[in-house]
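> Could you look at this predicted model? Sequence included:
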Amino acid sequence: MTKNSHPSLAATDPELAALVGAEERLQAETLRLIPSENYVSQAVLEAAGTVLQNKYSEGYPGRRYYEGQQNIDQVELLAIARAKALFGVEHANVQPYSGSPANLAVYLAFAEPGDTVMGMALPMGGHLTHGWGVSATGKWFRGVQYGVRQDTGLIDFDEVRELALKERPKLIFCGGTALPRTIDFAAFAEIAREAGAVLVADVAHIAGLIAGGAHPSPVPHADVISTTTHKTLRGPRGAMLMCREEHAKAIDKAVFPGLQGGPHNQTTAAMAVALLEASQPSFRTYAHAVVANAQALAEALLARGFDLVSGGTDNHLILMDLTPKDVPGKIAAKALDRAGIVVNYNTVPYDPRKPFDPSGIRIGTPSLTSRGLGVEHMPAVADWIDRGVTAAGTGDEDALARIRAEVAALMADFPAPGLPTD
Ligand code: DSN
């Protein structure tokens, strides 16, 4: 299937080519449910593999520290223009290498070491870079953290407001990595205004849903929007920062020369392609289908007695608390992997277990929707998860093997974008 996919690579480095081929097969045969992953198009893959990667271009279009930027400037300007049009923002910086450096640039733009910053706690669904202790953002800044209510699994805005007014953070982050519900950007903006804080909406997980009109936009509310480009947005591994014109200079200076050197031009090009794809009507259909699939999957899981944090989902992501099933998240995730269903183990809010051995698994529908699976397939997906978790508890490897074969059979009918087909 993948023998001749990369002929030059295979001739030069057969060992590496074999690994790439094996990964192509794995991505083709398995049901990939990690909510932060996706399949990029062949066009995005091709742009990411171009000679643009040979070029250094520290600086910004028209203001570089290296010559020979005739084409690179145009590539970056194209990506910027497309980002601005797609999200309706005044300014976009497309140079951050990925989400964590993008967020670090925001700290550099608006805060000094030791300042107080506020974000959602990592075990509650936030991100490391929102001031969590083990991250540089929690070591070099004073991170104060909010969470979700234990009884509802939802953010308690009275608690967030009280904390913000007491701590007066320089930055407030909203968004995260394990949030199954719509983010109320307007409520966060009101709190940030009262507290005199800069509101940063980290929409990495939901950028594609926003672009496709399947989640409200932070644009009228947030001072800065941070996003990766490789999750629901279906672009290359990279990131963008977007803001109003008043913050443009501070953001640009923080990214370069504050934090990074030369931008990865091949990634910028692939980002431009993904942004073009995300502006097409078909992407709106995709974004809404991601949510419809997640909601259908949540319903099917609830019908099978699973406990979902917050009781379901509004977006692409479902956080399953396996405590009632008496199967730890890690055991379940590893068993599902053997069954051809790729998920990640995850803490759930108020998890009594440790982060490396937590109570939950996190799943999502961006990848399966990219392959064309629809709501009619979600009962089968829920059934496989159910049987997989049961088999994880009983150690039934034969059952896992049976699921793997069934998964591979269905996946064969839904070729993934960007993967070789024969
Ligand atoms: N690692 C990403 C995720 O999986 O959600 C967030 O950075």
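Everything's here; your move. Numbers count the residues shown, from 1 in each chain.
> Next, count neighbours for residue 108.
The number of residues packed near residue 108 is 17, by other C-beta atoms under 10 Å. C-beta: built from backbone N, CA, C; applies to glycine.
> Spatially nearest residue to it (excluding sequence neighbours)?
Sequence neighbours aside, residue 254 is the residue nearest to residue 108 in space, at 4.0 Å (criterion: C-beta to C-beta, 6 or more residues apart in numbering).
> Just to be sure, the one you found is in a helix?
Yes. Residue 254: assigned to a helix according to DSSP: H, G, I helix; E, B strand; the rest coil.
> Next one: it from the ligand, what distance?
19 Å (C-beta to the nearest ligand atom, to the nearest Å).
> And for residue 132?
Taken as C-beta to the nearest ligand atom, the span from residue 132 to the ligand is 12 Å.
> same deal with residue 156?
Residue 156 is 23 Å from the ligand, by C-beta to the nearest ligand atom.
> does that residue really touch residue 149, like I thought?
Yes. The criterion here is C-beta atoms under 8 Å, and residue 156 meets it with residue 149 at 4.9 Å.
> Okay, and the residue of the stretch 51-200 of the chain at minimum distance from the ligand sits in which element?
The nearest approach of the stretch 51-200 of the chain to the ligand comes at residue 177, 3.6 Å away (C-beta to the nearest ligand atom). Using DSSP states H and E, residue 177 sits within no helix or strand.
> Skip the chain neighbours and tell me the closest residue to it.
The shortest distance from residue 177 to any non-neighbouring residue, by C-beta to C-beta, 6+ apart, is to residue 127 (5.2 Å).
> What of residue 178?
In this structure, residue 178 finds its nearest non-sequential neighbour in residue 125, 3.8 Å apart by C-beta to C-beta, 6+ apart.
> Ok, residue 182 next?
For residue 182, ignoring the flanking residues on the chain, the nearest one in space by C-beta to C-beta, 6+ apart is residue 314 at 4.4 Å.
> show me what contacts that neighbour?
Residue 314 makes contacts with 180, 181, 182, 215, 291, 295, as judged by C-beta atoms under 8 Å, 6 or more residues apart in numbering.
> So which of those belong to helices?
If you go by DSSP state H, those have 291, 295 in helices.
> backbone phi and psi for the one residue in the stretch 1-150 of the chain that gets nearest to the ligand, please?
Here the stretch 1-150 of the chain gets closest to the ligand at one residue, residue 36, 3.3 Å apart by C-beta to the nearest ligand atom. Per-residue torsions, residue 36: phi -100, psi 0 (degrees, to the nearest 10).
> Please shift the residue numbers so they start at 34 in all later answers.
In the new count, where the first residue is 34, that last one comes out as residue 69.
> my guess is it contacts residue 266, does it?
No. Applying C-beta under 8 Å as the test, residue 69 and residue 266 come out as separate, 11.0 Å apart.
> Please identify which of those two sits among more neighbours.
residue 266 (32 against 20).
> quick one on the thing from earlier: can you give me the neighbour number for the residue nearest to residue 141?
So residue 287, with other C-beta under 10 Å, has 23 neighbours.
> swap in residue 205?
29.
> That one: what secondary structure?
The three-state assignment at residue 205 reads strand, by three-state DSSP.
> about what we covered before: list the residues that contact the residue nearest to residue 211.
By C-beta under 8 Å, 6+ apart, the residues touching residue 158 are 181, 209, 210, 211, 212, 352, 382.
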